[in-house]
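In: Let me see the structure of the following:
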Amino acid sequence: MSGGRFAEPLADGDPETAGLLERELDRQRRHIELIASENIVSRAVLDALGHAITNKTVEGYPGKRFHGGAEVVDRVERLAVERAKALFGAAYANVQPHSGSQANLAVFFALLKPGERVLAMDLAAGGHLSHGAKANLSGRWFEAHGYGVRRSDGLIDYEGMEARAREVQPRLIVAGGSAYPRAIDFARFRRAADQVGARLLVDMAHIAGLVAAGAHESPLPHADVVTCTTTKTLRGPRGGVILTNDEALSKALDSAVFPGVQGSIHLQVIAAKAVCFKEARADAFKAYARQVIANARALAAALAARGYRIWGGGSDTHLVLVDVAGKGLTGARAEARLERAGLTCNKNATPLDPTNPARWTGIRLGTAAATTRGFAEAEFDHVGHLIADLLDDEAAGGAAGGAAADRVDARAAAAVADLSGRFPIY
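Out: From the prediction side, this is the model:
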């Protein structure tokens, strides 16, 4: 195995897979990614993800492994842990979770017994599957209840949340979600948790990079436990992190991750997490985070000016939730029409929507990836008007095709090609 086919590069050993990967890279270069959970990692992160450290298997924690040969990888994990703690100002960090969902499951495992009650944001209001949705393991093991947003403006109904907490008496309250664009009052959630004797978990998966850069308030002073992902605004590999300032919880959280919900860890991802934590300490990253928020506000303003309802009235983060029902569209139709022109987003529920994804009337837009490319407010204002041009045409019957729709698509595709060419990646 020291030579021959074992040493072949991917293009020679598996040209079919290599070709597909090259097509995906080409798509990323040509398209403008507006999916809020996506970003573009650095070359350094990519190098770590492709390193031979992936060959090593370990279980447990540094100094207490279940496999030998761990001297170097122990140092890698310790480095990632210390960088995460320093970045977020936390007394404890666990960098082993494979994803944000795994991190949340581990917290549930550590803090709750099966069947105990959880209060979290409803999915339609912008919550997340791993916060107790019936289709998720968290919703099968625990008794989940929801709070929502005001239907009038899409902002969290804090009075309603507090009333639900008094009614339900949960053991755990979860703040944070996957499609809520405004700043969250973490202190108010803390007070609500204290009033009913509950623990508070803040899932800051989407805003972790903004928090790290000081562009968004940190939940650490208020939460018992904080979880996040290292992708999205943090601009790292796909994986999760658990943070707390309550050192009394550290052993329970460690054992909840391993052996509670995971086995061996992905060491190449741990190494890439260490890299992204270092990158997030740089002044350039802080400038990027501020620009992410400015860009989201520019995008929201452009779409609002064209008659699109923006849930929450704008954005304090990287995320913009757009209602397309006022134009007679579904989220699925809007997503498909934008992708034809190279603008990638995802359909999303809004607070007025039923549970059926086919009937969702929102699209979720994010500014992190294009900001990484170098887009500023002018570019996002342009993107907002491109989106409005395409969706206005779709609403007017462009889905049926025809020369007029083709011209709209062609103009938008040319603009996307120009922007992608002026702000290249890799």
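
In: CA atoms only: put the longest helix seen in the chain into PDB for me.
Out: Assignment by DSSP state H gives helix 283-305 as the longest helix of the chain. Taking Å, rounded to 0.1, in the frame of the first residue of the first chain, the C-alpha atoms of helix 283-305 are listed here in PDB:
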ATOM      1  CA  ASP A 283      -9.000  42.400  13.300                       C
ATOM      2  CA  ALA A 284      -9.900  41.400   9.700                       C
ATOM      3  CA  PHE A 285     -12.500  39.000  11.100                       C
ATOM      4  CA  LYS A 286     -14.000  41.700  13.300                       C
ATOM      5  CA  ALA A 287     -14.400  44.000  10.300                       C
ATOM      6  CA  TYR A 288     -16.000  41.100   8.300                       C
ATOM      7  CA  ALA A 289     -18.500  40.500  11.100                       C
ATOM      8  CA  ARG A 290     -19.500  44.200  11.200                       C
ATOM      9  CA  GLN A 291     -19.900  44.100   7.400                       C
ATOM     10  CA  VAL A 292     -22.100  41.000   7.600                       C
ATOM     11  CA  ILE A 293     -24.600  42.900   9.600                       C
ATOM     12  CA  ALA A 294     -24.400  46.000   7.500                       C
ATOM     13  CA  ASN A 295     -25.000  43.900   4.400                       C
ATOM     14  CA  ALA A 296     -28.000  42.100   5.900                       C
ATOM     15  CA  ARG A 297     -29.600  45.500   6.600                       C
ATOM     16  CA  ALA A 298     -28.800  46.700   3.100                       C
ATOM     17  CA  LEU A 299     -30.400  43.500   1.600                       C
ATOM     18  CA  ALA A 300     -33.500  43.800   3.800                       C
ATOM     19  CA  ALA A 301     -33.900  47.500   2.900                       C
ATOM     20  CA  ALA A 302     -33.600  46.900  -0.900                       C
ATOM     21  CA  LEU A 303     -36.300  44.100  -0.700                       C
ATOM     22  CA  ALA A 304     -38.600  46.200   1.500                       C
ATOM     23  CA  ALA A 305     -38.300  49.100  -0.900                       C
END
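
In: And the strands in the stretch 1-150 of the chain?
Out: Ranges of strands in the stretch 1-150 of the chain, per DSSP state E, counting those that start in this stretch, are 32-33, 60-61, 64-65, 92-94, 117-121, 143-147.

In: what's the closest of the ones you listed to Ala106?
Out: strand 92-94 (7.8 Å; C-beta to C-beta). Every residue, glycine included, has its C-beta placed from N, CA and C.

In: Show me the shaky parts of the stretch 1-150 of the chain.
Out: Applying pLDDT under 70 to the stretch 1-150 of the chain picks out residues 1-5.

In: at 80 what do you get?
Out: Segments of the stretch 1-150 of the chain classed as low confidence (criterion: pLDDT under 80) are 1-6.

In: And the helices in it, which stretches?
Out: 10-13, 15-30, 43-49, 71-88, 100-111, 137-141 (DSSP state H, counting those that start in this stretch).

In: So which of the ones you listed is nearest Thr361?
Out: Once these are compared by C-beta to C-beta, helix 137-141 is nearest, at 24.0 Å.

In: can you pull the buried residues of the closest one?
Out: Judged by neighbour count (16 or more other C-beta atoms under 10 Å), helix 137-141 contains these buried residues: 137-139, 141.

In: could you redo those residues as CSV and give each row distance to Asp353?
Out: Listed next are the buried residues of helix 137-141 as CSV, based on distance: C-beta to C-beta, whole Å:
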residue, distance to Asp353
Leu137, 24
Ser138, 21
Gly139, 19
Trp141, 26
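
In: Return the member of those residues nearest to Asn245.
Out: Using C-beta to C-beta, Ser138 comes nearest to Asn245 of the buried residues of helix 137-141, at 23.7 Å.

In: That'll do, ta.
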